[in-house]
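Chemist: whatever this is, show me its structure:
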Amino acid sequence: MPVLTYGGIHYGSNRDELDPFDDFAMPTTQSFRPLYHTIVTSTWVDMGTGEELPDYDPTANPVRHAGGGMLPGGMSMVTVRETPTRRTFTLLLHTLLSVLLGFAGARFAVYVHAREESG
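Modeler: Alright, predicted model coming up:
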């Protein structure tokens with residue numbers, strides 16, 4: 001039941017609970033920020049072709065990554081691709097946290113039951 005309550009709160013929230021960098025996200029979601037920083041890989045990607053730009057310097061051409069679509073002259077926009085995505089990472093950690101809490105609850109229930117049985 002606690003896992004369903006936990007999931008319901010996240011599912012029913014009108015905010016994006018799967019972005020740990022959202023300032024209005026729940027504390028559990030925000031607590032994932034440091035771990036995400038340690039494992040994320042960010043690469044610059046050409047939005048027109050989908051190809052990675054390994055040597056792209058955003059300070060050299062700041063206009064190119066300011067929005068979406070095409071620039072005059074046929075140059076496509078550039079965006080950052082994070083791997084894993086914030087949503088996938090946060091969903092995975094919430095699932096893992098729910099499983100761990102469920103396991104801890106089950107172990108506690110077994111302990112209480114064994115204690116009652118022994119008298």
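Chemist: just the strands in the protein please.
Modeler: 41-46, 78-83 (DSSP state E).
Chemist: could I get those strands as a markdown table with mean neighbour count?
Modeler: (Each C-beta comes from the backbone N, C-alpha and C, glycine too.) As requested, the strands of the chain are arranged in a markdown table below (neighbours: other Cβ atoms under 10 Å):
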| stretch | mean neighbour count |
| --- | --- |
| strand 41-46 | 14 |
| strand 78-83 | 14 |
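Chemist: mind putting these into JSON lines with mean pLDDT and distance to Arg115?
Modeler: Converted to JSON lines, the strands of the chain look like this (pLDDT from 0 to 100; distance: least, Cβ to Cβ, whole Å):
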{"stretch": "strand 41-46", "mean pLDDT": "89", "distance to Arg115": "48"}
{"stretch": "strand 78-83", "mean pLDDT": "89", "distance to Arg115": "47"}
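Chemist: can I get these in CSV with distance to Glu116?
Modeler: Below are the strands of the chain laid out as CSV (distance: least, Cβ to Cβ, whole Å):
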stretch, distance to Glu116
strand 41-46, 50
strand 78-83, 49
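Chemist: and Gly8, which of these is closest to it?
Modeler: Of all the strands of the chain, strand 78-83 sits nearest to Gly8, with 27.7 Å by Cβ to Cβ.
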